[in-house]
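1. Need coordinates for the following:
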Amino acid sequence: MLIAIDHGNYAIKTVNHSFVSGLSEHTVKPPMTDEILEYDGKYWTLSGRRLSYMRDKTQDERYFILSLFAIAKELESNGYYQHTERIQLAVGLPPEHYGVLKDRFAGYFKRDDIIRFVYRDKPYSIFIDRVMVFPQAYAAVVPKSSLVVHTLRMFVVDIGGYTTDVLLLKNGKPDLQFCRSLETGIITMNNEIIRKVGALHDMRIEDEHISAVLSDEETILPEEVKKTIRSATKVHAQDILNQLRELQVDLRSNPAIFIGGGSILLRPFLEVSPLVAKADFIESPNANALGYEMLGRKAISLRPHE
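-> Take a look at the predicted model:
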C-alpha cells in the first residue's frame, strides 16, 4: 500500500489525516486514552505540544514514531489489516534541503525487518519496502498542474510551521537551483505574538488562541488582545514578503501560489499586499501529502519492481 506523509514541523499530514507533531513517551501503558502506540517496549501518545524544530528530522526516533501513527491511521481508514502489510512511503523535504538530506531521510524509514507495533490495542505488522522522497512545495501544486504548466515563471511559497519555503517553477517544472528556506513560519510568528500579548496585556495565550482569532472562530479573548494578534500577524506577513524581495523573489512581476497551513492563516494579509500582483491559494493543509501520493504512484508505475 502506498502511504504519503508530510512531516511538518507543526503537524503531520497524510491524505486523510492531520495531527500535531507532538509526542509523549511512557514506560507503562497510560490510562484515560485509547490512542496509544506501543513499539519496541515503549508506549507513545500524541501530544498537543509540538516537538522543537529540527532541520534534520532523522536525529532521533520521534518522527519515525509519528510516522507509525500516520501509517496506522491510514491503514485503519482504508480498511487494510493483513498479517503483514507491505508499505511504500512517499515523503518530502523542503527544496533547499532536498539534495543534502534526501538519502538520509529515505534511509531513516527503511528497516531490514518487519516492523511490529500495537495501535489502539490492535497489533500491526508492516514492511516498508520502498521510500520515495520528493521536493516539498512542488508536490503541493502537482494536483493543480493546470495552474502552472503554461506559466513561464511562477513562485510556489509554502508557509509552514517553522519555515517559509520558496521554489521557482519554469513552465511547470521545478528549478531546484533556485529554492530558498526562511525561518519565518507560523511557529516563529506565534512565539512573537505570545511574547507580545504577555508584555502588553499580561495574559498567557497558546497557538490555538491565535489560530482561532485568525480563523474568526469564537473565543473569550478581549478585543484588545485580538487586535494585537491581528496587528502582529499583518507585520509578520509583510516581513515574509520583504524577505522574499531581498532574495530576488518579486511577486509584483511573477505570479505566486501560496500553500501550507500558514498561508491559509495569512491569506487576508497577503492577497491585499501591494507586493503581490497575482496569487492563488491552495487551501488544503494536506496538499503536500496529496502531491506525494500522486508522484509516488507515477514513480511506482515507471519502476514497479524497484
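2. low-scoring stretches of the stretch 201-306 of the chain, by residue?
-> Applying pLDDT under 70 to the stretch 201-306 of the chain flags residues 304-306.
3. can you give me the strands in it?
-> 256-259, 279-281 (DSSP state E, counting those that start in this stretch).
4. Quick check: phi and psi on the spatially most central residue of the chain?
-> Nearest residue to the geometric centre of the chain (CA atoms, centre = their mean): residue 8, 3.0 Å. Per-residue torsions, residue 8: phi -70, psi 160 (degrees, to the nearest 10).
5. part of a strand, is residue 44?
-> Yes - assignment of residue 44 by DSSP: H, G, I helix; E, B strand; the rest coil places it within a strand.
6. I figured the residue nearest to the centre of the chain hits residue 22, correct?
-> No - contact criterion CB atoms under 8 Å: residue 8 and residue 22 do not qualify, at 11.6 Å. C-beta here means a position set from N, CA and C on the backbone, and glycine is covered the same way.
7. in the stretch 51-200 of the chain, which spans are helices?
-> 62-77, 95-109, 138-141, 186-201 (DSSP state H, counting those that start in this stretch).
8. in the first one, what counts as buried?
-> Of the residues in helix 62-77, 62-63, 65-76 count as buried by neighbour count, 16 or more other CB atoms under 10 Å.
9. nearest to residue 202, of the residues you listed?
-> residue 62 (34.4 Å; CB to CB).
10. Find the nearest non-adjacent residue to the closest one, please.
-> With CB to CB, 6 or more residues apart in numbering as the criterion, residue 62 has its nearest non-adjacent residue at 5.5 Å, and that residue is residue 23.
11. Pull the contacting residues for that neighbour.
-> 44, 45, 46, 47, 51, 62, 65, 66 (CB atoms under 8 Å, 6 or more residues apart in numbering).
12. sorry, back to before: now, of the strands of the stretch 201-306 of the chain, which is deepest in the fold?
-> Burial of the strands of the stretch 201-306 of the chain is given as mean neighbour count (mean count of other CB atoms under 10 Å); strand 256-259 ranks first at a mean of 25.
13. now for it, which elements pack on it?
-> With contacts defined as 3 or more CB pairs under 8 Å, 6 or more residues apart in numbering; DSSP states H and E, the packing partners of strand 256-259 are helix 138-141, strand 153-159, helix 261-270, strand 279-281.
14. Pick the most buried one from these.
-> helix 138-141 (a mean of 27).
15. per-residue confidence at residue 51?
-> Residue 51 carries a pLDDT value of 89.
16. wait, residue 85
-> In this model, residue 85 carries a pLDDT of 88.
17. That one: what's its closest spatial neighbour, skipping adjacent residues?
-> residue 126 (5.0 Å).
18. What separation do you get for the one you found and residue 227?
-> Here the criterion is CB to CB, to the nearest Å. By it, residue 126 lies 49 Å from residue 227.
19. Show me which of those two is the more surrounded one.
-> residue 126 (22 against 12; other CB atoms under 10 Å).
20. can you pull the contacts of the more buried one?
-> 71, 75, 84, 85, 86, 87, 114, 115.
21. Can you select the buried ones from the residues you listed in ChimeraX?
-> Per 16+ other CB under 10 Å, the buried members of these correspond to this ChimeraX selection:
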select :71,75,85,87,115
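22. What is the longest helix seen in the chain packed up against?
-> Counting by DSSP state H, the longest helix found in the chain is helix 223-246. Here helix 223-246 touches strand 153-159, strand 164-170, strand 173-182, helix 186-201, helix 207-214, helix 261-270, going by 3+ CB pairs under 8 Å, 6+ apart.
23. Done for today, thanks.
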